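Student: predicted coordinates and the sequence they were generated for:
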Amino acid sequence: MKYSWIDTELLQKPSVTKDLQAEWNWIRYHIGGKMFAAVCLDDATGKPVYITCKLDPAEGDFLRRQYEDIIPGYYMNKVHWNSVKADGNVPDALLREMLEKSYRLVLGGFSKKKQRELLEGEKKDAV
């Protein structure tokens, strides 16, 4: 996979956890129990095929028009989720930005109190 930095970078974000959804063969990244990103693996080879993340619908639509390697979310809601081909030509900086926006979008769905707990919980654990 072209984007080998994803796992390290996402796990450095406050309160992020990951798991393997074996039935789908997806590595999922969560904050507060809600998924914000996934690496979709090929069933036969186990190699990454797509990186999926949530974006504002207008931004996702705009990016899909700009890059042929960004498609509507693979096996997800096609309005809110977008998938990037793992061996595609999307610049690393753009994918990093997309993943950060997805993290912030899902985090923003929690109450302000829960957001503080999630963001501060990691800091307390790190001390």
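Tutor: Yep, it's here.
Student: from the opening residue of stretch 38-50 to its closing one, how far?
Tutor: Across stretch 38-50, the straight-line distance between its terminal residues is 8 Å, by CA to CA, to the nearest Å.
Student: nope, stretch 13-28 is what I meant
Tutor: Its first and final residues considered, stretch 13-28 spans 14 Å by CA to CA.
Student: hang on, N82 in a helix?
Tutor: No - under DSSP: H, G, I helix; E, B strand; the rest coil, N82 falls outside any helix and is assigned strand.
Student: contacting residues for it?
Tutor: N82 makes contact with T52, C53, K54, L55, G60, L63, R64, I70, I71, P72, G73, M98, according to CB atoms under 8 Å, 6 or more residues apart in numbering. The C-beta positions use only the backbone N, C-alpha and C, and glycine is treated the same way.
Student: per-residue pLDDT, it?
Tutor: Model confidence at N82, given as pLDDT, is 97.
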